[in-house]
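**Q** Okay, sequence plus prediction incoming.
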Amino acid sequence: MNRRTLLIELMGLGAAAPWLAAHARPRVGATPVSRPGALAGEASGARESALPFEPLPGPMPLVGDGRTAAQQRQLYSRSALQDRLVVPEGYRSDLLFTWGDPVADGRFGFNNDYLAFTPLEDGRALLTVNFEYISLRSWMEGYVDATGKTIPFKELREALATRGGRVDASALATDDPLRQPLLSVASAAMADLGIGVAEISQDANGAWRSTPGRFDRRITGLSGWQNPEQRLRCSGPAAAVFRRRRRLGYDDGLGEQMIGSFANCAGGQTPWGTVLSAEENFQSQVVERVYADGSSPRPEERPFRFDGTRLDGLGNPFGLAGNKYGWMVELDPRRPDQPAVKHSWLGRFRHEAVAVQATAGRPLVVFSGCDRHGGHLYRFVSEELVRDPADPANSRLLERGRLEAAGFNADGTGRWGALTPETRLAPLRPSYYEPFGLSQPTLLPHRDRRQAGAEALASDAEVEAYLRQHRNLADLYPGSGEERQGAILIDAHLAANAVGATPAARPEDTDIDPRSGDLLIAFTAGGSDGDGRADPAIFRGPQGEASWPYGWVMRLQDGLQRGNASSFSWRMVATGGTPWQGGMGFAMPDNLAIDRAGNVWMVTDRSSDSSLDVFGNNACWLFPASGPRAGEALLFATGPMECELCGPCFDREETTLFLAVQHPGEIHGTRQRDGEEVQTHTLEDRDGGRFQQLRQVPLGSNWPSPVPGRPPRPGVVAIRRHDGRPLL
């Protein structure tokens, strides 16, 4: 199947893969793709029109760029990356917010990620923004510039140097000279994390501008620490775990109340107008491991770390319980006085995606992914049915239901397995990976249930012995009723490992196709981090590679919408990588957005690994659903140096694309005048001829300022056409 056909499949215009409900273990085989037999019939009503922009050339030749091999060699033999947001001719980008801007009683935070647009009346709207983590170098270099304040970075680093750069803050005496600079830095970092709601309005020309209003709100990493009225609420069975008095682990004394939110990465919106914010890499700031009863080890097991390169363990100085982070947070941006809620039925894991499906007369369905190597795809199904998808009362449907994890089969089918006490254990054995030339231990809840966390079982014999001791999830999680179910949800990743859910390739976003109801999933990279590995029978490269660091996009048809509640079918519809490797020219797909016409917008998050330098700066890609360019991957925008583009979303008329520019200058920090390097890359033209490219690469960033030596700052931009017409 050629790349154009695959991209047409991404749009959902091809015939569906056969609907099979058989349950089988994944087997070695070709990645399933669907046939384009129904393309003409399904696309016949599409409006045939040219796009209003010329795609950017990017850093390498693409199959569909319309150039001859000679033209590709001429164009790409020399290249220069730019430290700015580049958009097509005829478009402009306006800066809406940057780190440090005032928002409510706080400031616009650091490393803005997910964005959600909520329309109001009279040309006004709300933009909900996630603030994910601290890039230490650029945060320190730009702190005074962004906030107008100073904090004792140097003093703290020097004081911690004799202690290996880390300390258990809870063990410090109240008069310890280290205590005040530590709390100053930790508090400042927590103030730059969490969630923000900021009002914007359109001017006479249709451009969006920041206009502070009564809905503005900030939830930081420490909201509720000093003011109990700002604490977050917990729904679902985990609340019973937090309320219990006798426990194996740490008690923060707050019961089911929660302090703040941080590690807020991706997110989603509900049909009734609320926003879901995903807590992802919380394990950097608090203890991730839990005991069998769902309680957390003490905060000192994740000490505070500040060594000039990393800032971790931010929960340690404030005694935060690790089991209260890693959740999906719901807030209503139109109700700033209403507490945000962490919904425990959606599970605790490294959330990086959420998609909500609300159909009258059917259960509410929420899809989410765990962004780690070997993380799982999850589905929540509500106990009660949806009456009206737009009814704000639907939030209560998130408080009762079941959480399931996906098991993929290599033939394009799959089944959902419930994470409930009676579910039998069926983990993958280490021998499963041997035919692929891989070695991967099986990570399961520690067989000594007095020990928190997991243990790695290196042989099938160890797994068999484990299964003789524990047969179902009830054997692993003690207690009864909500306390037992809550403990399972708190330990969702290991529980899903235990019941045999498929280890996936870092699922980073899930979005519902508004035309077909299918689920699109961005899998960022297939490989291993030691603890987990993507299933090589499912997540394979174009030539069957067992590890593929460039990612995929999958289309999944869920059986719940078609009368078979426990099954689904799937197919890969886009593959990352260079064209000469069999990829489509992008690397590591991250966030997705689908407009009303069915066009798919995708942003990438390639890591700083030098092996990925050939892909250049992270970018925004468009996959048109119709017209003469249908089925092509078109480069719409490229970001500044060392940044990630995040959170694509549209205004109501789809005349504006909002993008978050995250962590510019994360690697080299502030760019100085003439600071650059020259890279050499071996590329291939459309005829397979190899040639060398010399590429000028700025080191560090000054974005959004064009002035060398000015520290970079994360921010949010609004992209629109000069003529004010719809984006496409």
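**A** Perfect, I can see it now. Numbers count the residues shown, from 1 in each chain.

**Q** what's around Ser170, how many residues?
**A** 14 (other CB atoms under 10 Å). Every C-beta, even on glycine, is put in place using the N, C-alpha and C of the backbone.

**Q** State the three-state secondary structure for the closest residue to it other than its chain neighbours.
**A** Excluding the flanking residues, the one nearest Ser170 by CB to CB, 6 or more residues apart in numbering is Glu300, at 5.7 Å. With DSSP: H, G, I helix; E, B strand; the rest coil as the basis, the three-state label of Glu300 is helix.

**Q** The stretch 101-250 of the chain: helices as residue ranges?
**A** Counting by DSSP state H, counting those that start in this stretch, the stretch 101-250 of the chain has these helices, from start to end: 136-147, 153-161, 179-191, 238-243.

**Q** that older thread, model confidence score at the residue nearest to Ser170, please.
**A** pLDDT recorded at Glu300 is 97.

**Q** Can you name the residues that contact it?
**A** In this structure, Glu300 makes contact with Asp168, Ser170, Ala171, Asn316, judged by CB atoms under 8 Å, 6 or more residues apart in numbering.

**Q** Over to Gly414?
**A** Ala406, Gly407, Phe408, Thr502, Leu556, Ser567, Phe568, Ser569, Trp570.

**Q** Also Pro711?
**A** Ser138, Glu141, Gly142, Asp145, Ala146, Gly665, Gly669, Thr670, Asn702.

**Q** again, only this time at 10 Å
**A** 99, 137-146, 664-665, 669-671, 700-703, 705 (CB atoms under 10 Å, 6 or more residues apart in numbering).

**Q** got it, and Pro706?
**A** For Pro706, the contact set (CB under 10 Å, 6+ apart) comprises Asp83, Arg84.

**Q** before we move on, what about Ala454?
**A** With contacts defined as CB under 10 Å, 6+ apart, Ala454 is in contact with 288-289, 441-446, 491, 493-494, 497-498, 531.

**Q** Now rank the residues you listed by neighbours and give me the top one.
**A** For these, neighbours were counted by other CB under 10 Å; the highest total belongs to Asp491, with 31 neighbours.

**Q** so what's that one closest to, chain neighbours aside?
**A** Sequence neighbours aside, Val290 is the residue nearest to Asp491 in space, at 5.3 Å (criterion: CB to CB, 6+ apart).

**Q** Who are the contact partners of the one you found?
**A** Neighbour list for Val290: 241, 248-249, 296-297, 321-323, 326, 348, 445, 452-453, 487, 490-491, 494 [criterion: CB under 10 Å, 6+ apart].

**Q** and what of Gln269?
**A** For Gln269, the contact set (CB under 10 Å, 6+ apart) comprises Tyr114, Ala116, Phe117, Thr118, Thr128, Val275, Leu276, Pro333, Val354, Ala355, Val356, Cys649.

**Q** ok, and the most crowded of the residues you listed?
**A** Among the contacts of Gln269, Tyr114 has the most neighbours (other CB under 10 Å), with 30 neighbours.

**Q** how near is that residue to Arg298?
**A** Between Tyr114 and Arg298 the distance, using CB to CB, to the nearest Å, works out to 31 Å.

**Q** residue ranges with poor pLDDT in this protein?
**A** Across the chain, the stretches falling below the confidence threshold (pLDDT under 70) are 1-49.

**Q** where do the helices sit along it?
**A** Secondary structure of the chain (DSSP state H): helices at 3-10, 39-43, 69-76, 136-147, 153-161, 179-191, 238-243, 460-469, 473-476, 481-490, 492-498.

**Q** quick one, strands of the stretch 451-600 of the chain?
**A** Chain-ordered strands for the stretch 451-600 of the chain, with DSSP state E, counting those that start in this stretch as the definition, fall at 454-457, 507-512, 519-523, 552-558, 567-575, 589-594, 600-604.

**Q** So which of these is nearest Pro389?
**A** Closest to Pro389 of the strands of the stretch 451-600 of the chain is strand 507-512 (CB to CB; 11.9 Å).

**Q** mind putting the contacts of Ala454 in TSV, distance to Val365 included?
**A** As requested, these are exported to TSV (distance: CB to CB, whole Å):
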residue	distance to Val365
Glu288	27
Arg289	30
Pro441	33
Thr442	30
Leu443	28
Leu444	28
Pro445	27
His446	32
Asp491	23
His493	21
Leu494	24
Asn497	23
Ala498	24
Asp531	29
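
**Q** From these, pick the one nearest Ser611.
**A** Asp531 (21.5 Å).

**Q** Could I get the contacting residues of that closest one?
**A** The neighbours of Asp531, taking CB under 10 Å, 6+ apart as the test, are Arg372, His373, Gly374, Gln440, Pro441, Leu443, Ala454, Ala456, His493.

**Q** For Pro57, state which of those is nearest.
**A** Checking the contacts of Asp531 against Pro57 by CB to CB gives His373 as the nearest, at 32.8 Å.

**Q** Could you pull up the residues touching the closest one?
**A** His373 makes contact with 440, 503-506, 524-534, 547 under the criterion CB under 10 Å, 6+ apart.

**Q** what about burial for the residues you listed, which qualify?
**A** Neighbour-count burial within the contacts of His373 applies to 440, 503-506, 524-528, 532-534, 547; the criterion is 16 or more other CB atoms under 10 Å.

**Q** ok, now how distant is Gly541 from Val290?
**A** Distance of Gly541 to Val290, given as CB to CB: 35 Å.

**Q** what's the answer for Val600, then?
**A** With CB to CB as the criterion, Val600 and Val290 are 37 Å apart.

**Q** for Ala390, same thing?
**A** Taken as CB to CB, the spacing of Ala390 relative to Val290 amounts to 37 Å.

**Q** Got the phi and psi for the residue nearest to Pro708 when sequence neighbours are not counted?
**A** With CB to CB, 6+ apart as the measure, Arg673 is the residue that lies nearest to Pro708, at 3.9 Å, once sequence neighbours are left out. The phi and psi values for Arg673, taken as degrees, to the nearest 10, are phi -60, psi 130.

**Q** roughly how far apart are Leu331 and Ser368?
**A** Taken as CB to CB, the spacing of Leu331 relative to Ser368 amounts to 17 Å.

**Q** and if you look at Ala360?
**A** From Ala360 across to Ser368, the span is 23 Å (CB to CB).

**Q** Alright, that wraps it up for me.
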